[in-house]
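Visitor: Quick one, fold the following:
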Amino acid sequence: VLSLGADVLPEYKLQAPRIHKWTILHYSPFKAVWDWVILLLVIYTAIFTPYSASFLLNDEEEAAMQRCGYSCSPLNVVDLIVDIMFVVDIVINFRTTYVNSNDEVVSQPGRIAIHYFKGWFLIDMVAAIPFDLLIYRSVED
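Guide: The predicted structure follows:
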């Protein structure tokens, strides 16, 4: 897409959008890289969570968690970092422009928030809930 001429690019990419401070263009290189990172984290979660639940959870691990807490296992720390990245993704999505039905780039924070609430917010919020921390806390109590 970067090497395509002006005759192939959508009209909104040819215009210089007026954006608010801290607003991210949905077609910026940062957003493209961020989306790939989040995709890789989703794939990691989809593969490693069932594997961990099937093969790594046992009585010794529960005893170790009671001895040294949640941070004693490096895998638990990685899972915590992944959960934090998903929460950061929600914040970034609240600040990312979108294209409306008239092919206009929308950069007003209020309209972005409403668009995100009507779209992917609920799915992202459920994905960002650290269920393993909730389960660990309920077992501890």
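
Visitor: Now do stretch 86-106: everything it contacts.
Guide: By C-beta atoms under 8 Å, 6 or more residues apart in numbering, the surrounding residues in contact with stretch 86-106 are 10-12, 15, 17, 19, 22-26, 31, 34, 38, 41, 107, 109, 112-113, 115-116, 120-121, 124-125, 127-128. Where you see a C-beta, it was placed from the backbone N, CA and C, and this is true even at glycine.

Visitor: Mind checking which of these are buried?
Guide: Among those, those classed as buried by neighbour count (16 or more other C-beta atoms under 10 Å) are 12, 19, 23-26, 31, 34, 38, 41, 107, 112, 115-116, 121, 124, 127-128.

Visitor: Out of the residues you listed, list just those in helices.
Guide: 12, 31, 34, 38, 41, 112, 115-116, 121, 124, 127-128 (DSSP state H).

Visitor: what residue ranges in this structure score low on pLDDT?
Guide: Scanning the chain for pLDDT under 70 picks out 1-17, 56-71, 132-141.
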